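Visitor: could you look at this predicted model? Sequence included:
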Amino acid sequence: MASTYLSSSSSRQTKRLTKDQRSCVILIVGICCFLGALLLYIGSQDAYKVSTLSRGLCRVRSVSVKYTRYNYFPCWNITVMHENRIREEYMIESTGTRSDRWAWIKARKYQVNETYPCYHSRNESSIIQWGWEWTQPTKLKASISFFSGLILITVAVVLLIVRQRFQTETKTFAEETLLNSGQPIIVVHTENTETKL
């Protein structure tokens, strides 16, 4: 009687352990898919920016910080010199910060009445437009983001395959153990599942 209790107790612990492991694998797969998709998107955006890059010169007229959506964004009123044309523009940093102080430090990096290189989408009628930016998009950054995303998606697929194989082997092992134990196996059919007791 004691051996039966011990075996059923260890069986329950094993089932609980494998259920926890499956939940952990699903969580890791979900995180890998989310981050992979995000990096693929960022990489494709950067690759597009590199292919539609146009360089100009931007003279800073004034510096400010804008508070919106719980973040502070550095902003610049600029005079753009591009393709023999001069026009007044407004540039805002695409990523904000929670710190007002840090946003001002970043904004003052570009001094009033100074001229700096700036970058813009070459084709203003394209589907994905991007405004003037201080940093030049690079192929290296686009490639790193894109291939990191591919690696994370691949890891997620491999984990799903390994998980499926593990479940199949565990189920087969459990059935063989029951068959070898000499106990009768009762098959219960419900609408969508089959349970062996």
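Guide: Yep, that arrived. Numbers count the residues shown, from 1 in each chain.
Visitor: quick check: longest strand of the protein.
Guide: Across the chain, the longest stretch assigned as strand under DSSP state E is strand 53-68.
Visitor: which of the residues in the next helix or strand after that strand are buried?
Guide: Next in sequence after strand 53-68, counting helices and strands by DSSP states H and E, comes strand 71-82. Using 16 or more other C-beta atoms under 10 Å as the test for burial, strand 71-82 gives 72-76, 78, 80, 82. The way it works is simple: take the backbone N, C-alpha and C, and place the C-beta from them, glycine included.
Visitor: what does stretch 130-149 contact?
Guide: 35-44, 46-47, 49-50, 53, 55-56, 58, 78, 80, 89, 91-92, 94, 110, 116-121 (C-beta atoms under 8 Å, 6 or more residues apart in numbering).
Visitor: tell me the buried residues within the residues you listed.
Guide: By neighbour count, with 16+ other C-beta under 10 Å, those hold 35-36, 39-40, 42-43, 46-47, 49-50, 56, 58, 78, 80, 89, 91-92, 110, 118-121 as buried.
Visitor: now intersect these with the strands, please.
Guide: Per DSSP E, strands hold the following members of those: 56, 58, 78, 80, 89, 91-92, 118-121.
Visitor: check contacts around the most centrally placed residue in the chain.
Guide: With distances taken as C-alpha atoms, centre = their mean, the chain has Leu35 as the residue nearest its mean C-alpha position (2.3 Å). If you count contacts by C-beta under 8 Å, 6+ apart, Leu35 has them with 149, 152.
Visitor: returning to what we had before: which two in the buried residues of strand 71-82 are spaced the farthest apart?
Guide: Using C-beta to C-beta, the buried residues of strand 71-82 reach their maximum pairwise distance at Tyr72 and His82, which is 28.1 Å.
Visitor: and this protein, what are its domain boundaries?
Guide: Following automatic domain parsing, the chain resolves into domains at 20-51+139-180, 53-121.
Visitor: pipe those into a markdown table and attach distance to Gly131 and mean pLDDT per row.
Guide: Formatted as a markdown table, the domains of the chain follow (distance: least, C-beta to C-beta, whole Å; pLDDT from 0 to 100):
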| stretch | distance to Gly131 | mean pLDDT |
| --- | --- | --- |
| domain 20-51+139-180 | 11 | 84 |
| domain 53-121 | 7 | 90 |
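Visitor: could those domains go into TSV alongside distance to Glu133?
Guide: Listed next are the domains of the chain as TSV, based on distance: least, C-beta to C-beta, whole Å:
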stretch	distance to Glu133
domain 20-51+139-180	8
domain 53-121	5
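Visitor: surely Leu152 forms part of a helix?
Guide: Yes: assessed with DSSP: H, G, I helix; E, B strand; the rest coil, Leu152 lies in a helix.
Visitor: gap between it and Cys33?
Guide: From Leu152 across to Cys33, the span is 8 Å (C-beta to C-beta, to the nearest Å).
Visitor: of those two, who's got more company?
Guide: Shown here are Leu152 and Cys33; by other C-beta atoms under 10 Å, Leu152 has more neighbours (20 against 16).
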